[in-house]
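In: have a look at this prediction, sequence included:
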Amino acid sequence: MLSSISDSNFVGRENNLGLALKERFEMLGNLVDLEAAIIHQLHAVKNTFEDDKTMPSLLTNLGNMFQSKFRRLGNLADLNAAIVNKTKAVQLTSDGDLDKPGRLNNLGVSLQSRFEIQGDIDDIQNAILLKSQAVDLTLNENSEKPSFYNSLGNALLIRFQSLGAIADLDTAIENQVMSINTTQDGNHKKPSFLSSLGSTYLIKFGQLGNIEDLNNAILYILSAVNLESNEHINKPVFLSNLGSALQSRFDRFGDLADLESAIGYLSTAVDLAPDQQLDKPLWISNLGSAYQRRYERLGNICDLNMAISNQSTAVDSVAETYSQKGTMLNELGECFLRRFERLGEIVDVDAAVRYKSHAIDSIEDGHPDKPLMLNSLGNTQRARFIRLGNHIDISVAIQNQLDALHKLPNEHAERSTLLSSLGNSFQSRYTKLQDIDDLNTAILYKTQAVNLTPDDHSDKAGRLSNLGIALHCRFNIEKKEEDIDAAIVHHSAAVTLIPDDNPYKPMLLSNLASTLCSKFEINKDSLQIDEAIRNQLKAVQLISSGHPTRAAMCFNLGDAYYKKCEVRLDINDMITASHWYSTAALSPTGSPNVLYRSAIKWMNLAYYTPSIVVQSTLIEACSTALNLLPSVAWIGHELSHQLDELKDLPLVSSDAAACAIKVGDYQLAVRWLEQGRLLVWKQMLHLRYSASELESQYPNLAKQFREVSQQLEWYRAERALDNTHKSAEMLTQDYRAAAIKWEKLLSNIRSLPNFEDFLTVPSFSKLILAANNGPIVIPIASQYQCDALIIIPNSSTIKHIPLPLIKFQRVQDLHVLLSDKSDVQSDTTKSYRHFRPSIARSSDPLKECLSQLWHYVVKPILLELELLVGFYLVYPEIYTNKPLKGLSKLIHMWWCPTGPFIGLPFHAAGVYDQSSSISIMDSVISSYTTSLEGLIESQNKTNLSVPFEILAIGQAQTPHFPYLPGTTKEVAIIKQLAPPPLGRFLEGSAATIEQSLKYLDHACWCHFACHGTQNVVSPLKSAFQLQDGPLYLSDIIQRNLKHAEFAFLSACETAKGDSNLYDEATHLAGGLLLAGFKSIIATLWSIQDNDGPVISESVYTYLLSGGKYPDGSKAAEALHYSVLDLRQRGLSLERWVPFIHIGC
């Protein structure tokens, strides 16, 4: 207890010493001074009674010291200590006390600081209330009133930044103007007041775009900088604010001098600020933003790297609750987006989406920056859509940007930015869905954006060009000349607005050139095509060699020369076009689709052009196109997107094979066909590759490769069945990251000695082993020509048979004939095992198809092989034992068709007249294979020495599907031929997904007698319909079916693929081959329910007779004679032709 004068003097000395040390800290920034000040002040408080009249003053001083320490170190405990002491000081101060306003304001400052850290809206509301009371209680002549005005203005500004009420911004300016007007010029607080007012004007400019506000911001902040010494603790604050203001003026007018000055001021601010300074991360972030702007203006990648470094440091230095964390995250995301645009790395655009999504989640809905952040995220999702093509990205992007536009006030300065972005997104969606309403909406938004953008705005050129792009796009659809003329006007204006050293100039030039090319196609004005070429050449010359968009510009330049050649017929133009197409195709960076299409055009020119120079590049062009296929159908894409990409591509493997045949290299043709088929299935197989040789030499690398492969397989299965967007986004990003890692590991493996060909197409000497059991015929349908290549057993010579009587279009017409049959279903969402009789017609489309196949394809092949009736080739080791029609033996032949030849019934080709008939079945037992590599793998697969077991699954009454009584008969027949324990039978309610998968693990053979559904969009969702739901192909593939040998798919269309994806075998039979089955009986179209039991009984009787271990390799023979039995009974073609054998 204090009672003596000496004790009172002690308190006074401690208080005075504490205040002196705090003042020295504020001047010199030495933290030791502040720590000592707090110790002395605590001594003073502890040695003073609570009811002592000096106690409020002592508590206030202590609170201020803790506040200063918090500002320096950012420790929330210090801030809470400041609030506790200041609150007590206010409570102990009577209302009439002259010091009451100051203490109210002080407490408000601390509550405002805590709001900025923790975001509790009550803190800022209470801060404004306390500061308003301080202003109201203070007489005008009081020297502290200017500080209270300024403090209240700052609090109102903070609330505006959270809730977005423009009235708070105006009131903030009013109070800050009052603080300056009531402060004499020599006052040491005036620089802070000037800087605060300038910062508020800057924020108002960002909202409304008024140039006067921007000028005021720079004027006031510059005055603050000039008035304050470099040693003052506030100098970094003023410098950072000035840098931000100058950067804003650069964003508005594009004057590079402003940006250079901004970087200078921001760098000095960061250098002057102590590392513990609370707002230093914000200043570092501002500096990062300035570096990003300079990168955007000059294109120097070093600036972008500096921007990412600064933004990353800023984000990592603040807590999640920091009030500016959202802004920092968004800026970091923007940097990653820019790097993606420059380097094309998918990890960067994923990072950009991740950071920007986090930014939005970290701020309240009413935050004035939320619309801008939503728009920014939408732009990033659109960029990812353009690169990866996932329609979810563009749908979410548009929704985010529509939300942003709805939330943004009509008078906001950035409204034109949002309109322009939204127009870009609608146009991007048009490219995916081809809905003309999207394109018209894009033009509407882009027109509004252009009209709202002042002519002297730095973004005017880009927005003009964007509008020109949309109008050009609509011209390509509607062919309205006013659209192309307007597009040229807009592009020309855009080009004139920016200098040649602007990194966006090449793109604007390229856009103008493309538009002029389209105009040339209308009027054939040579001046326009020459101008187009000049602009496109300039674009290519200006853009850096490694820029991802350079390939597209080279492609466009090739197109320009090609169009010029079409009119002028100058061979030199075609040679030049070929040069630019090849330059684009061989670019080290760029969109895989652009590179691929460039290679295709290069290949076409090399095939047709009479120039020896161009023709000499034909093989290189083909090889380039084929090597680009895995990048287009990238393993990191979702499966459905991979297939969508392949649907839109020319049949490059068939065309490349035709080119190889043209130059007489049949072995190369075979390898290229193998390289270009089953891309998606092969990728799945690669994920399961054992890599035993790699394991023995590089075990650690093999382990990494195996682990990442397993990750990819798991992610792919999860994504195939996932329906929630939030988890889908995370799964997709993780999957892409794993895909990139897998590709890097694959590249590393191929760099090792003896592993150069790891997971590449086998050599020809290995591929011909596929013909060990019989000749393999490869029909090839190309836009150039149609041919057949035949691999003969025990021979390295390939027979080439030209097929001049059939062209690519005729092959496609054969599919039309097949689709004309009444029982073929075009709706892939339904499945029918039930057969429906043909409608009476004047001609039979199936009979016509089989006849044309015979005359144009099969007969020439059999003649070459001397396999027509009365002739046979001597392969005694591969003959079967049942002679037919003049042949002493039948030969087993495999068909490995390509392109539109896939899915045609070669096994039944022939002339079927009532008087006489001739058919391939008279000479040949036919099997099909989806690839040579797959056939070899099936031949080499050795079954484990386990007891034979057949699993028969029958579903006569599947919920929501038609009744199939024939399936019960099928299972009964199998049960009679292979009773338990040889057979395992699941019917009716017992045929569940769980039970089927359980017994599949042990079965050697499997018979499916049920409904099958094919999903051409997502093949892994193709399924057998069981009692409790679909047994998805993905479920089967994930099992390790070690014993799988033979499968009989007695369901509909189990071997019918997608007519837009001939080479991908997207059907149930193809999936079961991937799952491990060697031999499969399947159907090309729907079968009659009654035919299932007949075929099944005949096949299984043949296979299970003799008492030996059942041999699934006899399935082709068994099916041949079973179908022959149906044919000899006089059944119509539609009922026996659909049954085919696939595999070995």
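Out: Now that the structure is in, tell me what you want to look at. It should be emphasised that the depicted structure is a prediction, and the values quoted were computed from it without experimental measurement.
In: hey, let's count contacts and neighbours off CA atoms from now on
Out: Noted.
In: what about residue 452, neighbour count?
Out: Per other Cα atoms under 10 Å, the neighbour tally for residue 452 reads 16.
In: what residues are up against the nearest residue in space to it that is not next to it in sequence?
Out: Excluding the flanking residues, the one nearest residue 452 by Cα to Cα, 6 or more residues apart in numbering is residue 416, at 5.7 Å. Counting by Cα atoms under 8 Å, 6 or more residues apart in numbering, residue 416 touches 448, 449, 450, 452, 453.
In: I'd like to know how many residues surround the last one.
Out: Spelled out, it's residue 453. Neighbours of residue 453 (other Cα under 10 Å): 20.
In: ok, the third one next?
Out: Residues within reach of residue 450, counting by other Cα under 10 Å, total 23.
In: related to what we said a few turns ago, alpha carbons only: can I get the helix or strand hosting the residue nearest to residue 452 in CSV?
Out: If you go by DSSP states H and E, residue 416 is part of helix 415-433. What follows is helix 415-433, C-alpha atoms only, in CSV (Å, rounded to 0.1, in the frame of the first residue of the first chain):
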residue,chain,number,x,y,z
ARG,A,415,-17.9,-2.6,-63.9
SER,A,416,-16.4,-2.5,-67.4
THR,A,417,-13.8,-5.1,-66.3
LEU,A,418,-16.5,-7.5,-65.1
LEU,A,419,-18.5,-7.1,-68.3
SER,A,420,-15.5,-7.8,-70.4
SER,A,421,-14.6,-10.9,-68.4
LEU,A,422,-18.2,-12.2,-68.5
GLY,A,423,-18.2,-11.7,-72.3
ASN,A,424,-15.0,-13.7,-72.6
SER,A,425,-16.5,-16.5,-70.5
PHE,A,426,-19.7,-16.7,-72.5
GLN,A,427,-17.7,-16.9,-75.7
SER,A,428,-15.5,-19.7,-74.3
ARG,A,429,-18.6,-21.6,-73.4
TYR,A,430,-19.9,-21.1,-77.0
THR,A,431,-16.8,-22.9,-78.3
LYS,A,432,-17.7,-25.9,-76.2
LEU,A,433,-21.5,-26.1,-76.6
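In: for that helix, buried residues please.
Out: For helix 415-433, the neighbour count (16 or more other Cα atoms under 10 Å) marks 415-431 as buried.
In: helix or strand right after it?
Out: helix 436-452.
In: give the buried residues for that next one.
Out: By neighbour count with 16+ other Cα under 10 Å, helix 436-452 contains the buried residues 438-450, 452.
In: how far away from the center of its chain is it?
Out: Mean C-alpha position of helix 436-452 versus that of the full chain (Cα atoms, centre = their mean, to the nearest Å) differs by 26 Å.
In: okay, which residue is most central for this protein?
Out: Nearest to the centroid of the C-alpha atoms of the chain, with distances taken as Cα atoms, centre = their mean, sits residue 388, at 3.6 Å.
In: thought that one was touching residue 638?
Out: No. Proximity of residue 388 to residue 638 does not meet the contact threshold set by Cα atoms under 8 Å, at 9.4 Å.
In: count the residues that sit near residue 968.
Out: The number of residues packed near residue 968 is 19, by other Cα under 10 Å.
In: how close does it sit to residue 1090?
Out: Using Cα to Cα, to the nearest Å, one obtains 11 Å as the distance from residue 968 to residue 1090.
In: for residue 709, same thing?
Out: As judged by Cα to Cα, residue 709 and residue 1090 stand 44 Å apart.
In: looking at the two, which is more packed in?
Out: residue 709 (21 against 18).
In: which strand residues sit across from residue 1143 in the sheet?
Out: Beta-bridge pairing of residue 1143 under DSSP bridges involves residue 1079.
In: just checking, it touches residue 929?
Out: Yes. If you go by Cα under 8 Å, residue 1143 and residue 929 touch, sitting 5.3 Å apart.
In: between the two, which is the more surrounded one?
Out: Neighbour tally, residue 1143 and residue 929, criterion other Cα under 10 Å: the higher count belongs to residue 1143, 28 against 22.
In: and the top helix by length along the chain, how far from the chain's centre?
Out: Using DSSP state H, we find that the single longest helix of the chain is helix 725-750. How far helix 725-750 lies from its chain's middle: 11 Å, per Cα atoms, centre = their mean.
In: cool, and stretch 524-538?
Out: 35 Å.
In: same question for stretch 621-638.
Out: Distance of stretch 621-638 from the chain centroid (Cα atoms, centre = their mean) equals 16 Å.
In: do stretch 702-719 as well
Out: Worked out by Cα atoms, centre = their mean, stretch 702-719 lies 19 Å from the chain centre.
In: equivalent analysis for stretch 199-208, please.
Out: Its chain's C-alpha centre lies 37 Å from the corresponding centre of stretch 199-208 when counted by Cα atoms, centre = their mean.
In: what does stretch 46-54 give?
Out: Centroid separation for stretch 46-54 versus its chain: 67 Å, with Cα atoms, centre = their mean.
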